[in-house]
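Student: build me a model from this:
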Amino acid sequence: MVVPFREDPHSHSTSPMSLVETTEPPTSLAPEASVGVLVIEARSTTPLGPRIVYANERIARLSGYEMSSLIGSPLGLLYERSDLSALIEKLPVIAARPNHCYMDRMLMRNGGTRRPCRWTIRSTTRERDGRGFFTLTIKPVVVSLRGTPALRGAAPGKTASRPTAKSARHPSVSPATSAERAANPASTTRTPPAAESPAAPATQTAVTAPPLDPSTATDYAVSRTEAISLTAAGVAHDFKNALQTIKSNLELAAVHNPGGGKLGVFLNEAHLALGDAEILAHQMLAFTRGEGNNKRVFGLGDLLVRVSRLCSAGSGIRCKLFVPSHLRRVEGDPTRIYQVLHNLVINASQAMPSGGTIHLIAGNADLTDGNPYSMPSGRYTVASVKDRGCGIPPEILPHIFSPNFTTKPEGSGFGLASCQAIVEHHGGAIRVASKVGVGTEFLVFLPSTDAAADPAGTFSPNLATSRPAAPSAPSPESEASLVTPDSGCGRVLVVEDQADVARAACGLLKHLGYENLHSANGEEAIARYREHLDSDEAIDVVLLDMTLPGGLSGMEVAKEIHRIDPLARIIATSGYFEEGDLAKGLNGNFAAILPKPYSMRSLSEAMDAAMTH
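Tutor: Numbering: from 1, shown residues only. Below is the predicted model of the structure:
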């Protein structure tokens, strides 16, 4: 049950306070160090709430995070996830109140543990530019002898249960008032401090929380998973922004190197590695959304073609590939199966440090009972990865799929164990044969299917990963050749806070024939669009990053531009976007959806769609 926010009617504050500009709390306010203080943006710019712009040392100690890790992270890193959406919805209401609100919520700590705390929140305005923020205070509660929560620092013999309207008029401690003074010393001149009760004597009796019961331990495990998920989402977003810059510049470099040659070889190898990085980013986002089972019907040969190109890129390794035309399809998650094949090829390459040949062979197998592979009877599609390396000693061979087992000095021992788990999850198995001094062969058995291939059966390393893909990653030259240069006509406003991503986007647009302008934040974008609206140089399309930090969010910018010009054409882009799910929820408001990292071809298609919108 969500406990509603409560406004403290006894608060004497009548005006919003200024946001302290320093990164350290004032040293003169050391007595307030028992209260954690956060300052967050006024608007939610991430799926997990507003970003943190200030944190004091106390909240760092309470949460177990470094202060540098807290700054820039969303509030959802610390605030109880089940109530986060309710808090975000109430922010506009809280901003309109002169007093602070408070609530009892768990503090999500580093490592997955949680701690009961009294939270307060109130609106904050920075005097320099009038920007709005929220100041939060966090104070732990302990368990008293009566079994009810008690605020740390409360008067002796008194417990602090959730105050009613009557008890709120005479609080024994005012954590919000003291912490607000810590966040803004200037506010103490206009806000009379509430009288605090004397500190509890050393003889005050309190007991620690009882040992964790199984349900609490489960909650901790869930909390830890959520913390990992939160971190992965943020990393994936930033990672995809970095990949956008790399991808755009690779394609522009290919455009200016039409002859190929040695430079073209290097560009192709970089593009192949970029494709794997995009797959990794997609998997990270899929993990945060609980998309563990991305089941599709696809051709195993497509994955072998791609992995064969990677294994021979920039090394002394050659690859011989054989994929029969009648190879049966399989059903499962192509990115996970690709991960298995990629891992096996890497192992094969490492087994031949002086170079050599890896044989990648695919085939169909109809197995009966008692077959030599100890497989259940059935129809299988098989992939063979064979090297001519050093081989695996017979005493080691039975242990290679065991977790934590490795013969490599810097190995983790999870590679082959992970491969086996993925294949078994798909209803298949891995078999291995090896002889020292001769080489090793891994056989991957996957159940065959006669079903038609899914239109999005294989991932695309150069476009959105959920789109249909070619059997292998196109080179940047071939990808750029699919787009006619200077084919576009119009003026585009690029709204992007990261300068390197903005430069890359403008470079692609220029090659496509569009004029472009750049705005680094929402306020500037709105002003620039309004300025050009009634001129001879009107803006035809807005390429809008939806996750703008600070100030207006992407959605707010889009709404304001549409208010100014109901016919405005806006393309929404973000590192949090995936092709399928976002299109369902945003297409009504936008001319096109463009997940990062997008290719020149994807940008060209989005621009065509917007110009005809």
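
Student: I figured Leu300 hits Ala383, correct?
Tutor: Yes. With the criterion set as Cβ atoms under 8 Å, Leu300 and Ala383 qualify as a contacting pair; they are 5.9 Å apart. For glycine as for every other residue, the C-beta is placed from the backbone atoms N, C-alpha and C.

Student: now list whatever residues contact both of those two.
Tutor: Any residue near both Leu300 and Ala383 by Cβ atoms under 8 Å, 6 or more residues apart in numbering counts here, and that gives Ala362, Leu446.

Student: show me the helices in the stretch 1-150 of the chain, by range?
Tutor: 57-63, 67-70, 84-95 (DSSP state H, counting those that start in this stretch).

Student: most tightly packed of the ones you listed?
Tutor: Of all the helices of the stretch 1-150 of the chain, helix 57-63 carries the top mean neighbour count, a mean of 19, counting by mean count of other Cβ atoms under 10 Å.

Student: show me what that helix is packed against.
Tutor: For helix 57-63, the elements it packs on are strand 36-41, helix 67-70, strand 101-108, strand 132-143, judged by 3 or more Cβ pairs under 8 Å, 6 or more residues apart in numbering; DSSP states H and E.

Student: ok, which of these comes nearest Arg296?
Tutor: Smallest distance to Arg296 across those (Cβ to Cβ): 34.9 Å, for strand 101-108.

Student: show the average pLDDT along that closest one.
Tutor: Over the span of strand 101-108, the pLDDT mean works out to 88.

Student: repeat that for stretch 394-401.
Tutor: If you average the pLDDT values across stretch 394-401, you get 88.

Student: where does the residue nearest to Ser349 when sequence neighbours are not counted fall, phi/psi-wise?
Tutor: For Ser349, the nearest residue in space outside its immediate sequence neighbours is Ile317; the separation is 5.1 Å by Cβ to Cβ, 6 or more residues apart in numbering. Main-chain dihedrals, Ile317, degrees, to the nearest 10: phi -90, psi 130.

Student: surely Ile317 and Gly355 touch.
Tutor: Yes. Using Cβ under 8 Å, Ile317 and Gly355 qualify as a contacting pair, with a distance of 6.1 Å.

Student: quick one: which of those two has more around it?
Tutor: With neighbours defined as other Cβ atoms under 10 Å, Ile317 and Gly355 compare such that Ile317 has more, 19 against 10.

Student: that one and Arg388: what is the separation?
Tutor: Ile317 sits 11 Å away from Arg388 when distances are taken as Cβ to Cβ, to the nearest Å.

Student: for the closest residue to Arg296 other than its chain neighbours, give me the pLDDT.
Tutor: In space, not counting the residues next to it along the chain, Arg296 is nearest to Asp454; the distance is 4.1 Å by Cβ to Cβ, 6+ apart. Per-residue confidence (pLDDT) for Asp454: 81.

Student: mind listing what's buried in stretch 118-137?
Tutor: 118-126, 131-137 (16 or more other Cβ atoms under 10 Å).

Student: where along the stretch 301-450 of the chain do the strands fall?
Tutor: According to DSSP state E, counting those that start in this stretch, the stretch 301-450 of the chain carries its strands in the segments 317-322, 329-332, 356-367, 378-387, 429-435, 439-449.

Student: count the residues that sit near Arg51.
Tutor: Applying other Cβ under 10 Å, we find 22 residues neighbouring Arg51.

Student: test my guess that it contacts Gly72.
Tutor: Yes. In this structure, Arg51 sits in contact with Gly72. The criterion is Cβ under 8 Å, and the distance is 5.8 Å.

Student: any common contacting residues for these two?
Tutor: Pro549.

Student: what domains does the record give for this protein?
Tutor: By the assignment in automatic domain parsing, the chain contains the domains 6-197, 300-452, 478-611.

Student: all strands of the stretch 451-600 of the chain, in order?
Tutor: Listed in chain order (using DSSP E, counting those that start in this stretch), the strands of the stretch 451-600 of the chain are 491-495, 515-519, 541-545, 570-574, 592-595.

Student: how about those strands in a markdown table, adding mean pLDDT?
Tutor: Formatted as a markdown table, the strands of the stretch 451-600 of the chain follow (pLDDT from 0 to 100):
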| stretch | mean pLDDT |
| --- | --- |
| strand 491-495 | 95 |
| strand 515-519 | 94 |
| strand 541-545 | 94 |
| strand 570-574 | 91 |
| strand 592-595 | 89 |
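
Student: measure stretch 516-525 end to end?
Tutor: Using Cα to Cα, to the nearest Å, the span of stretch 516-525 from its first residue to its last is 13 Å.

Student: which outside residues touch it?
Tutor: Contacts with stretch 516-525, where a contact means Cβ under 8 Å, 6+ apart, come from 491-497, 499, 502, 505-506, 509-510, 528, 539, 542, 544, 548, 550-554, 556-557, 560-561.

Student: give the buried residues for it.
Tutor: Of the residues in stretch 516-525, those buried (16+ other Cβ under 10 Å) are Asn516, Leu517, His518, Ser519, Ala520, Asn521, Gly522, Glu524, Ala525.

Student: beta partners of the fourth one?
Tutor: In this case it means Ser519. Counting by DSSP bridges, Ser519 forms beta bridges with Val495.

Student: got it, and Asp387?
Tutor: Taking DSSP bridges, one finds Thr440 as the beta-bridge partners of Asp387.

Student: tell me the pLDDT of it.
Tutor: As predicted, Asp387 sits at a pLDDT of 93.

Student: ok, Ser44 to Ala525 distance?
Tutor: Here the criterion is Cβ to Cβ. By it, Ser44 lies 19 Å from Ala525.

Student: same thing with Pro92?
Tutor: Counting by Cβ to Cβ, the gap between Pro92 and Ala525 amounts to 22 Å.
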